[in-house]
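Student: The following comprises the amino acid sequence and a computationally predicted model.
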Amino acid sequence: MALTRDIGTRIELVPMDSHCNDITVALYKQTPSDAPVYRIHTYSQHPDAQERIGSLAADMQVLGGIQQADDGLLRFPCGHAHQYAARRLFLDACKRDPSEAAQAHPLQIHDKKSACDIAVDSLGDGQYCVRAEQGTQGVERRTATIARGLIRLGEMEGADDDANRLHFVCGHAHDALIALLLRRAPNVRAAMREAEEMASRGQLVAPSAQN
Amino acid sequence: MSEHPPSMNSRERVLAALNRQPVDRTPLCNPTSVATVELMDLVDAPFPDANRKPELMARLAATGYTELGFDTIMPVFSIIQESAALGCKIQWEQKDNWPTVRMNEPIWTSPDDINVPADLCTHPDTRCVTDAIKILRKEYGDEVAVIGKTMGPWSLGYHCFGVEPFLLMSLDDPGKTKLCLDRMKEITVEYGLAQIEAGADALTLPDHATGDLVSGEYYERYLRDLHIEMAERLPVPIILHICGRTVDRMEYIAQTGMAAFHFDSKNTPMESMEIVKERIALVGNINNPETLFSKGPEVVREEVYRNLDAGVQLVGPECAIPLQTSIENLKEIPRAVRDWHAAYDR
């Protein structure tokens, strides 16, 4: 009898979890009638595997404000999928050192490129504004770049009249999630490249392309 | 498919299709690999060990049948087993990547270097395959087709001489190249026979005269006759595997007497069927990188239907699937085949 089950659509995969015996962990999305939910899953029978799944779920709650229901499934309190952000949240949870307790990030980073602290203000109803805390030269371009990065990473929408303003289409605040994405927003390309490199491992290469 | 023979088991179905005989439904065939990192976890048989330990190799391979619902079990995931026995340097990699031959460190430069070692089929990395086939045959009896794999001389040429030196030799000195191929074919035959003796029902024979590197004319000049000889000397159905766009050589391939050609999605099922004209069965050709790896079940289903509509005799992925392919997409292949037949056979 088959052991694999229909657990939804796999939306992200970490093929070798360096924090847990190189097991493979994945994020699956299920779409019941009410709202999309996520399941972290591994097929590994390793004795530490289920504890790792539990710890990843706990970390995703702290780092991204996702909630866990009694059935163990994860969902955003607004009821929306925010799938792209959920993938990023999962990848970051897998990456962090589990020996240290997860902590929600502040809505502020230090941006090396502008040598300036960048903050994101939560304006309510899922609206946010990116601003520089110091007035260094060219910082307006950086705040706009970071806002665009957040829009891309969080599948958000920008404001027509303000390059620093953005909002979630669900109309709900997701401060923890924004704080997590803010770490990646200054260099979205690097985040994407990293994800692509991980995904491309395990694809056969033609003899003509091999070293 | 019109004669509707009585219900067959997986092995009967595959062997009938390879012989272009009537089948109760189109068989699901993986002539290369359907191993994934999740399946490795499921049965605790990760790469690279699953390429080197027969119990793990058999266990992981069996998931293609037990979990995914294919009619075949193919334990030879990679293309390096006999090259390891020949002395090529192998990069074994980790769980999430394929072992590869270090072709930039060739072991041969001339026909005189070609040496078939006495331990070709008893070397740990070749014996792993024959032992895995024996395990599978014992475990599954005659219910499922077990497919082995023996690399063709052109592929061995890349592995042992290096891709560029081998291709340059084929341009500069056709006689020398033919001599090399003639000597290396004995490796293909010897290892193929060892797998047949171990219980393989059919053999995949990858010979990477691929569309991006060599022309159809090259295939005809260097490989057609050799492949005819392979089909005569290896007494089981042979599935030739060549990646890439290959319509310019399918006419020659159809003349080889091989049972089947495992073809790439760069060739449409319809145009391929028109060229081979029932002289050889086709296996394929669900796209790996764009469909199975990157898209969802509905696109997988469309591709399965496209093959079935064209009359492709055995359906499966076009080549070894990416190790991160989702189980959901792989399971969609058998689902789609069954649904298509449920509609078509009514």
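Tutor: Looks like it came in fine.

Student: Just say helix, strand or coil for the residue of chain B found nearest chain A.
Tutor: Ranked by Cβ to the nearest Cβ, the top residue of chain B for proximity to chain A is B:Leu323, at 3.1 Å. For the C-beta atoms, the positions are set from N, CA and C on the backbone; glycine is no exception. Secondary structure assignment for B:Leu323 (DSSP: H, G, I helix; E, B strand; the rest coil): coil.

Student: ok, and does the helix or strand hosting B:Glu55 reach over to chain A?
Tutor: With secondary structure defined by DSSP states H and E, B:Glu55 is part of helix B:54-66. Yes: using Cβ under 8 Å from any Cβ of the partner chain, we find that helix B:54-66 touches chain A at B:Thr66.

Student: Nearest residue to the residue of chain A found nearest chain B in space, please, no chain neighbours.
Tutor: Sorted by distance to chain B under Cβ to the nearest Cβ, the residues of chain A start with A:Gly202, at 3.1 Å. Beyond its immediate neighbours in the sequence, the residue positioned closest to A:Gly202 (Cβ to Cβ, 6 or more residues apart in numbering or on different chains) is B:Leu323, lying 3.1 Å away.

Student: quick one, what contacts the one you found?
Tutor: Contacts of B:Leu323 were listed using Cβ atoms under 8 Å, 6 or more residues apart in numbering or on different chains, and they are A:Pro15, A:Arg201, A:Gly202, A:Gln203, B:Ala35, B:Thr36, B:Val37, B:Phe47, B:Asp96, B:Asn97, B:Trp98.

Student: 10 Å instead?
Tutor: A:15, A:24, A:201-204, B:33, B:35-40, B:47, B:77, B:95-98, B:293 (Cβ atoms under 10 Å, 6 or more residues apart in numbering or on different chains).

Student: show me what contacts B:Ile133?
Tutor: For B:Ile133, the residues meeting the contact criterion (Cβ under 10 Å, 6+ apart) are B:54, B:57-58, B:61, B:73, B:75-76, B:146-148, B:194-201.

Student: Try it again at 7 Å.
Tutor: By Cβ atoms under 7 Å, 6 or more residues apart in numbering or on different chains, the contact list for B:Ile133 reads B:Pro75, B:Val146, B:Gly148, B:Gln195, B:Ala198, B:Gly199, B:Ala200.

Student: Which strand or helix spans it?
Tutor: In this structure, B:Ile133 is located in helix B:124-140 according to DSSP H and E.

Student: ok, now A:Ala176?
Tutor: When the helices and strands are read off by DSSP H and E, the one containing A:Ala176 is helix A:175-182.

Student: can you list contacts of that helix?
Tutor: By Cβ under 7 Å, 6+ apart, the list of residues contacting helix A:175-182 from outside reads A:63-65, A:85, A:88-89, A:92, A:104-107, A:109, A:120, A:122, A:128, A:150, A:153-154.

Student: Pull out the buried members of the residues you listed.
Tutor: Listed as buried from the contacts of helix A:175-182 are A:63-65, A:85, A:88-89, A:92, A:105, A:107, A:109, A:120, A:128, A:150, A:153-154; burial here means 16 or more other Cβ atoms under 10 Å in any protein chain shown.

Student: Those residues in strands, which ones?
Tutor: Judged by DSSP state E, strands contain the following of the buried ones among the contacts of helix A:175-182: A:Ile109, A:Val120, A:Tyr128.

Student: Could you double-check that the first one sits in contact with A:Ala119?
Tutor: Pointing back at A:Ile109 there. No: using Cβ atoms under 7 Å, A:Ile109 is not in contact with A:Ala119, being 8.2 Å away.

Student: Which stretches in the chain count as helices?
Tutor: Went with chain A since none was named. For chain A, the helices defined by DSSP state H occupy A:49-64, A:83-95, A:139-154, A:175-182, A:188-200.

Student: The chain in question should be chain B.
Tutor: Listed in chain order, the helices of chain B (DSSP H) span residues B:10-18, B:37-42, B:54-66, B:81-86, B:124-140, B:153-161, B:163-172, B:174-198, B:216-218, B:224-233, B:247-254, B:269-276, B:297-310, B:327-344.

Student: Can you give the distance of the last one from its chain's centre?
Tutor: Translated: helix B:327-344. Helix B:327-344 sits 21 Å away from the centroid of its parent chain (Cα atoms, centre = their mean, to the nearest Å).

Student: Kindly format the C-alpha coordinates of that helix as CSV.
Tutor: This file holds the C-alpha atoms of helix B:327-344, laid out as CSV (Å, rounded to 0.1, in the frame of the first residue of the first chain):
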residue,chain,number,x,y,z
ILE,B,327,5.1,13.6,-5.9
GLU,B,328,1.8,15.2,-6.7
ASN,B,329,3.0,15.8,-10.3
LEU,B,330,4.4,12.3,-10.7
LYS,B,331,1.2,10.7,-9.5
GLU,B,332,-0.7,12.7,-12.0
ILE,B,333,0.8,10.7,-14.8
PRO,B,334,-0.9,7.4,-13.9
ARG,B,335,-4.1,9.2,-13.0
ALA,B,336,-4.2,10.9,-16.4
VAL,B,337,-3.5,7.6,-18.2
ARG,B,338,-6.3,5.9,-16.4
ASP,B,339,-8.7,8.7,-17.0
TRP,B,340,-7.9,9.0,-20.6
HIS,B,341,-8.5,5.3,-21.1
ALA,B,342,-11.7,5.5,-19.1
ALA,B,343,-13.0,8.0,-21.6
TYR,B,344,-11.4,6.5,-24.7
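
Student: residues from chain A in reach of chain B?
Tutor: Residues of chain A found near chain B (Cβ under 7 Å from any Cβ of the partner chain) are A:2-4, A:9-10, A:13, A:15-16, A:22-24, A:26, A:42-45, A:199, A:201-204, A:206-208, A:210-211.

Student: Now residue 20: closest residue in space that isn't a chain neighbour?
Tutor: You didn't say which chain, so I picked chain A. The shortest distance from A:Cys20 to any residue other than its chain neighbours is 4.1 Å, reached at A:Arg52 (Cβ to Cβ, 6+ apart).

Student: not quite, I wanted chain B
Tutor: Nearest-residue entry for B:Arg20: B:Ala281, 5.5 Å, with adjacent residues in sequence omitted and distances by Cβ to Cβ, 6+ apart.

Student: number of nearby residues for the one you found?
Tutor: Look at B:Ala281: counted by other Cβ atoms under 10 Å in any protein chain shown, it has 23 neighbours.

Student: just checking, it touches B:Leu314?
Tutor: Yes: applying Cβ under 7 Å as the test, B:Ala281 and B:Leu314 come out as touching, 6.3 Å apart.

Student: Overlap of the contact sets of the two?
Tutor: Looking at what touches both B:Ala281 and B:Leu314 (by Cβ under 7 Å, 6+ apart), the common residues are B:Ala17, B:Ala260.

Student: ok, now how distant is the closest residue in space to B:Glu105 that isn't next to it in sequence from B:Pro99?
Tutor: Excluding the flanking residues, the one nearest B:Glu105 by Cβ to Cβ, 6+ apart is B:Lys89, at 5.1 Å. Separation of B:Lys89 from B:Pro99 (Cβ to Cβ, to the nearest Å) stands at 11 Å.
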